[in-house]
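Visitor: model this:
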Amino acid sequence: MWTVIIVLILIGLLMMILEILVIPGSGFAGIIGFILMAAGIWLAYTRQGLTAGHITLAATVSVNVIGLIISLRSGTWKRASLKTVNSGKVNEIDETKLNIGERGITISRCAPMGKAMFDNIYYEVSTLSDFIDENEKVEIIRITGNKIIIKKINN
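Guide: Reported below is the predicted structural model:
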């Protein structure tokens with residue numbers, strides 16, 4: 001019977017750890033883990049007696065508190081966290097090369113966002129309202145920060 005109690009508590013603890021580290025936000029694994037731990041403690045009280053139940057409860061609470069203390073230490077989360085920095089940028093616009101009125105061609109369908117090429121350089125562009133198909137001639141009507149607004153040229 002002790003093996004069943006220990007297995008229930010350990011699986012419950014594992015489910016709680018999975019809830020925190022792997023599948024946060026759902027709550028399902030955490031609830032199941034709590035229920036399994038409570039079932040293990042309840043079995044210890046009902047099948048093994050009052051003293052064994054108290055020992056099981058104290059051991060379960062101790063393991064959970066120690067695990068919480070270890071997980072809240074700053075070094076633990078630093079080892080588990082992603083440290084890379086995303087340094088990619090969209091549309092680094094050289095204002096000496098790209099101006100309002102510049103003409104180019106769309107590389108992809110702009111619905112309303114897409115790609116266009118101006119002076120053999122690809123840019124992410126957007127339209128104000130219309131969808132513009134691929135390989136259409138376009139003109140820049142506005143540049144705001146790193147956002148390029150285009151319109152279709154009707155010839």
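Visitor: so what are the domain limits for this protein?
Guide: Following automatic domain parsing, the chain resolves into domains at 2-72, 103-152.
Visitor: what's the first-to-last distance across the last one?
Guide: Same thing as domain 103-152. Taking CA to CA, to the nearest Å, the first and last residues of domain 103-152 lie 10 Å apart.
Visitor: mean confidence for it?
Guide: What domain 103-152 shows for mean pLDDT is 90.
Visitor: over to the longest one?
Guide: Domain 2-72 shows a mean pLDDT of 87 in the predicted model.
Visitor: still on that earlier bit, now mean neighbour count and distance to residue 80 too, for the domains of the chain, in CSV please.
Guide: From N, CA and C alone the C-beta is placed, and that goes for glycine too. Output for those, formatted as CSV (neighbours: other CB atoms under 10 Å; distance: least, CB to CB, whole Å):
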stretch, mean neighbour count, distance to residue 80
domain 2-72, 15, 7
domain 103-152, 16, 33
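Visitor: JSON lines for the ones you listed, including distance to residue 79?
Guide: Below are the domains of the chain laid out as JSON lines (distance: least, CB to CB, whole Å):
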{"stretch": "domain 2-72", "distance to residue 79": "11"}
{"stretch": "domain 103-152", "distance to residue 79": "35"}
